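1. Sequence and predicted structure, then a few things I'm wondering about:
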Amino acid sequence: MIEKIWPSPEIVEDLSALRKISPLTHVITNIVVTNWTANVLLAIGASPAMVIAEEEVADFASIASGLIINVGTVTSADAKVMKLAATAANKAGTPWVLDPVAAGALRFRTEVAQELLQQKPSVIRGNASEILALAGTAGGGKGVDSTASSSEALPFAIELSEKLGAVVAVSGEIDYITNGNQTISVPGGHAMMTKVTGIGCSLGALMASFLGIQKDPLRAAVSASAVFAVAGAKAARDSKGTGSFAVAFLDELNLLSL
Amino acid sequence: MIEKIWPSPEIVEDLSALRKISPLTHVITNIVVTNWTANVLLAIGASPAMVIAEEEVADFASIASGLIINVGTVTSADAKVMKLAATAANKAGTPWVLDPVAAGALRFRTEVAQELLQQKPSVIRGNASEILALAGTAGGGKGVDSTASSSEALPFAIELSEKLGAVVAVSGEIDYITNGNQTISVPGGHAMMTKVTGIGCSLGALMASFLGIQKDPLRAAVSASAVFAVAGAKAARDSKGTGSFAVAFLDELNLLSL
Amino acid sequence: MIEKIWPSPEIVEDLSALRKISPLTHVITNIVVTNWTANVLLAIGASPAMVIAEEEVADFASIASGLIINVGTVTSADAKVMKLAATAANKAGTPWVLDPVAAGALRFRTEVAQELLQQKPSVIRGNASEILALAGTAGGGKGVDSTASSSEALPFAIELSEKLGAVVAVSGEIDYITNGNQTISVPGGHAMMTKVTGIGCSLGALMASFLGIQKDPLRAAVSASAVFAVAGAKAARDSKGTGSFAVAFLDELNLLSL
C-alpha cells in the first residue's frame, strides 16, 4: 500500500531542524552539477562542502553529517575516491546517499555503482531506468534520462530495498520512496524540473543533508522530495522558461515555508 | 558570394525536428561551461549527456546522435579521452563538432586540436583567432577572446574548409558558416553574448545537436547559429545586465518560435 | 588604526581602468565556482581565462596580468599544476592571489597552501578561519565556512602580512585588508553573499584582475572588496531569495558606477 503523507507536520519539523542545524554535507558529485548543487543546499540552509581529494575524502566523510556520492561523470580516478569516501562513511556511521546516474546505460559506471552498494548507503536515489538497472532488470535509459516511469519501477525498488536494507527513492512525475515495508508517494513538482540540469542530482544531495538531522532515512528522503515538489510547483508559477525557472526554484527553496 | 538565408523555412523545420526528436548529444567540454551547456541544450529541447570516462566515451560516441569536443581546459588525460571519442565517432559515423578554444594562443591545445582534426569533424566552430590558428595563420588571440574579426578570418575559413572537407563556422559580430563552396552569413545576436561565459562553447554543442537531426552539416551549423542569434537579440531586450541576460537567453531558447 | 577609505576616488579610478584595459586574468580555481567566477569577471569587464593544463600553466601565468590560485577542491595533480603556475608567476613578476579555501579544516590543502606561500603571493584572501590557520593559530572552521569573525582574525592577519610581505584580506561581515603597516576596513555587502556559492572565491579572482591595473596590492584588494560590497548591497534590494540575488549581483557588477 502506498501512503501519501505529504504535506505533514513531520516534514515541517525536518525543514525547520535543517535550517537550525545547517548540517555539514559532504558532496562528491559530477562536474556538471557541482555549482548548482552547492547553491541548492545553501538556498535551503544546509552547509555543502565539495571535498574530492584522495588525501581528504575519508577524513571528511567521517566528520560530515551526511554524504552524497553521484556517479554522473565518474572516471576511474574518481571511482577510487568514491570508494574511500563510502568506506569511511560506512565505518564512521555517517549516513550516505548513492545517486547512480545513468546506471544501466553505460557499463563502467554501473559496475562502480554496484561496488559502492557494498558500503551500505542509507538511501539510493535514481530515476526509474537507473533503479531498474541496479535491481538487475534491463532498464535501458536514454543517456541520463529515464525511459520508464517511476510506477513501473516501484516493485523493483521495493525488492531492491529489501535486498540491500536501504531506502530506495525513485524520482519521476510522482516520486516513490520505500524502505521495503513502507512506501510513500510524493506527487507535485513540475515538468520544468527535468529541463534544468542537476535538479535530480541536487535532490540526492539534499537527502544527504536531511540525513544529518533525521535518523530515519525514509523520512529524510521523503522530506527532501516534498521540499523539492513544493518548491518546483511554486517556481513554475513565476517562470517564463527554464532559465527563470531555475532562478525561481532557488528562491523558493530559500524562502519556503510549508 | 555570401548568402543570407536567415530566417528561412529550413531553420524552422530543423528546430521543430530537434524538439520532436530530442537528439542525444555527447558533450565533452571544458570545466567552465559544462553546466551552462547542459542547460542550453535542455532549454531548446535536445538531450545532453556529459560522458567523459576513458572506459565509456568510445561506446557513447558510437550511440549518440552527435558529439561536441571542446578543448577549452584540456589536460593530457582529457586529450586521450577526446581522441578515443573522436575516433569512435568517426568510425561509427556519428557526426561531430570540434571547438578549438584558444587554439593559437597556447601550444599544447593547438596540437591537441590539430590531432583531433585527423578524425574528420563535420563542423569546426571557433572565433576568428582560433580559425586563423587552425588555418596556419598567426591568429594570436587574447586568452580565449579573439583579436580579429570574423570577416577577416573568412577567406582562411573557406580555405580550411576545402582542405579538411569540413564545415567551418566563424563566430563573431556576424557569424560566417562555409562548406568551401557555399558561405552563409548569420547576423543578429547581441554584444552581451560575449559577456556570459560559454555562449560560444554552447553554440558548438548545439551544432552537434542539430547534426543529430540534419544530415547537411552546413545547414545544421546555420540552424544552430540562427537560433542563437534570434534568442540573443530577444534576450537583450529584457535584460538589465549580463546576469539577467543569461537567464533570459535560456528562457528565449526554451520558448523560441521562429 | 583601521582606516575606512571607502568609497573613494581611487576606487572609482581603478574600476574605470579595469574596464578600459580588461586585464587578462589567469584563473586556477575549484570545480564548484569556475563558471561563476568567469561570469563575475566578465560582468565587471575583466578578461578571465581558466588555463589548467600542466603543459600550459607556466607560459600562461607569465603572460597574464594577474593570477588567482584557489585550493577549494585541490587534488595532488592540481597541486602540482598550481605550484608550476605560482613559480612561473613569481619568476615573471605576475602578481598573484592565494585563496586558501578551508585551510585549517583539512590537512592536505593546508600543506598545499603553505607550500604555495613560498612563491610570494601579492595577496592572500580568506575568511577568518582560513587566515587564522595560515597564521598558525588553530582556526577550525566548519567545512568551507568560518567559525570566527573577521575582527577576531585581524591581529593575526597583520602578523601574517608582516611575516610574508604580502597583503592579507580577511573577508567577513566587515572585510579587513592589511599590508602590515596599513589596515583598511570595507563594510557593506549583504548576508546573502554567504548563501551563493563562490562569492568569496570570485572576490579573490577579482583581486587578481585589479592587480593587473593597480601596482599597489593593498589598493587593488581594497578596490575589489569595495566593488563587491557595493554590488552586494544593491543586489540585495531587488532580490527575492538567493537565486535572484546571484543574478542581480552579476547585473550590478556589470552596471556599477561608483
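-> Ah, there it is.

2. host element of A:Leu250?
-> helix A:242-255 (DSSP states H and E).

3. right, is that helix up against chain B?
-> Yes. Legend: contact between helix A:242-255 and chain B by Cβ under 8 Å from any Cβ of the partner chain is shown at A:242-244, A:246-247. Every C-beta, even on glycine, is put in place using the N, C-alpha and C of the backbone.

4. which one of those residues is nearest chain B?
-> Chain B has its nearest neighbour among these in A:Gly243, at 2.8 Å by Cβ to the nearest Cβ.

5. Touching the helix holding A:Leu250 from outside, list them.
-> For helix A:242-255, the external contacting residues (Cβ atoms under 8 Å, 6 or more residues apart in numbering or on different chains) are A:36, A:39-40, A:43-44, A:190, A:192-193, A:195-196, A:199, A:227, A:230-232, A:234-236, A:238-239, B:39, B:42-43, B:246-251, B:254, C:195, C:240-244, C:246-247.

6. For chain A, which helix or strand comes out least confident on mean pLDDT?
-> Within chain A, no helix or strand scores below strand A:2-3, which has a mean of 69 by mean pLDDT, DSSP states H and E.

7. quick one: low-confidence parts of the stretch 1-150 of chain A?
-> Applying pLDDT under 70 to the stretch 1-150 of chain A picks out residues A:1-2, A:4-7, A:138-145.

8. which bits of it sit near chain B?
-> Counting by Cβ under 8 Å from any Cβ, the stretch 1-150 of chain A comes close to chain B at A:30-36, A:72-76, A:102, A:106-109, A:142-145.

9. So among these, which ones count as buried?
-> Neighbour-count burial (16 or more other Cβ atoms under 10 Å in any protein chain shown) is assigned, among the residues of the stretch 1-150 of chain A next to chain B, to A:30-36, A:72-75, A:102, A:106, A:108-109, A:143-145.

10. Filter those down to the ones in helices?
-> Judged by DSSP state H, those include A:34-36, A:108-109 as members of helices.

11. and those near chain C, which?
-> Restricting those to those touching chain C (Cβ under 8 Å from any Cβ) yields A:34-35.

12. Closest one to chain C out of the ones in helices among the buried ones among the residues of the stretch 1-150 of chain A next to chain B, please.
-> When these are compared against chain C (criterion: Cβ to the nearest Cβ), the nearest one is A:Thr34, at 4.7 Å.

13. Tell me which residues touch A:Met50, please.
-> A:Met50 neighbours (Cβ under 8 Å, 6+ apart): A:27-29, A:34, A:38, C:30-32, C:72-73.

14. For the stretch 1-150 of chain A, just list every one of the strands.
-> Listed in chain order, the strands of the stretch 1-150 of chain A (DSSP state E, counting those that start in this stretch) span residues A:2-3, A:24-28, A:47-49, A:66-70, A:96-99, A:123-127.

15. Switch those over to TSV; also include mean neighbour count.
-> As requested, these are exported to TSV (neighbours: other Cβ atoms under 10 Å in any protein chain shown):
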stretch	mean neighbour count
strand A:2-3	12
strand A:24-28	26
strand A:47-49	24
strand A:66-70	30
strand A:96-99	30
strand A:123-127	29
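
16. Mind putting those into a markdown table with distance to B:Leu211?
-> Compiled in a markdown table, those are given as follows (distance: least, Cβ to Cβ, whole Å):
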| stretch | distance to B:Leu211 |
| --- | --- |
| strand A:2-3 | 44 |
| strand A:24-28 | 33 |
| strand A:47-49 | 37 |
| strand A:66-70 | 29 |
| strand A:96-99 | 30 |
| strand A:123-127 | 27 |
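
17. right, so of these, which gets closest to B:Ala157?
-> With Cβ to Cβ as the measure, strand A:66-70 is the member of the strands of the stretch 1-150 of chain A nearest B:Ala157 (40.5 Å).

18. Would you list the strands that the closest one pairs with, along with their directions?
-> strand A:24-28 (parallel), strand A:96-99 (parallel) (DSSP bridges).

19. Tabulate these (JSON lines), appending distance to A:Glu10.
-> What follows is the strands paired with strand A:66-70, written out as JSON lines (distance: least, Cβ to Cβ, whole Å):
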{"stretch": "strand A:24-28", "distance to A:Glu10": "20"}
{"stretch": "strand A:96-99", "distance to A:Glu10": "19"}
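
20. Nearest approach to C:Leu132 belongs to which of those strands?
-> Smallest distance to C:Leu132 across these (Cβ to Cβ): 18.9 Å, for strand A:24-28.

21. Relative to C:Lys240, how far out is the residue of chain A found nearest chain C?
-> The minimum distance from chain A to chain C, using Cβ to the nearest Cβ, falls at A:Leu250 (2.9 Å). For A:Leu250, the distance to C:Lys240 (Cβ to Cβ, to the nearest Å) stands at 10 Å.

22. I'd like the mean pLDDT over stretch A:224-241, please.
-> Stretch A:224-241 shows a mean pLDDT of 96.

23. quick one: is it near chain B?
-> Yes. Stretch A:224-241 reaches chain B (Cβ under 8 Å from any Cβ) through A:240-241.

24. If you count neighbours, what's buried in that stretch?
-> For stretch A:224-241, using 16+ other Cβ under 10 Å, the buried residues are A:224-236, A:239-241.

25. Please tell me how far A:Ala61 sits from C:Ala105.
-> Separation of A:Ala61 from C:Ala105 (Cβ to Cβ) stands at 14 Å.

26. returning to what we had before: find the pair from the residues of helix A:242-255 next to chain B with maximum spatial separation.
-> Spanning the widest gap among the residues of helix A:242-255 next to chain B are A:Thr242 and A:Val247, at 10.1 Å by Cβ to Cβ.

27. Show me the helices in chain A, by range?
-> Counting by DSSP H, the helices of chain A are A:9-21, A:34-44, A:57-63, A:76-92, A:107-116, A:128-134, A:150-164, A:199-211, A:217-237, A:242-255.

28. Grab the nearest non-local neighbour of the spatially most central residue of chain A.
-> Chain A has A:Gly204 as the residue nearest its centroid, 1.3 Å off, counting by Cα atoms, centre = their mean. Spatially, and ignoring its direct neighbours in sequence, A:Gly204 is nearest to A:Asp99 (3.8 Å; Cβ to Cβ, 6 or more residues apart in numbering or on different chains).

29. and if you look at A:Ala148?
-> Using Cβ to Cβ, 6+ apart, the closest residue to A:Ala148 is A:Ala128 (3.9 Å).

30. so who does the one you found touch?
-> With Cβ under 8 Å, 6+ apart, A:Ala128 has these contacts: A:139, A:146-150, A:152-153, A:170, A:172.

31. In contact with A:Asp14, which residues?
-> Applying Cβ under 8 Å, 6+ apart, the residues near A:Asp14 are A:210, A:213-214, A:219-220, A:223.

32. typo on my end, A:Gly189
-> A:173, A:175, A:228-229, A:232-233.

33. Find the nearest non-adjacent residue to A:Pro48, please.
-> A:Leu41 (4.0 Å).

34. Please name the bridge partners of A:Ala103.
-> Under the criterion used (DSSP bridges), A:Ala103 bridges to A:Leu106.

35. In this structure it contacts A:Leu134, no?
-> Yes. If you go by Cβ atoms under 8 Å, A:Ala103 and A:Leu134 touch, sitting 5.8 Å apart.

36. so what's in contact with the two at the same time?
-> The contact lists of A:Ala103 and A:Leu134 share A:113, A:126, where a contact means Cβ under 8 Å, 6+ apart.

37. wait, A:Val222 sits on A:Tyr176?
-> No. Using Cβ under 8 Å, A:Val222 makes no contact with A:Tyr176, being 10.2 Å away.
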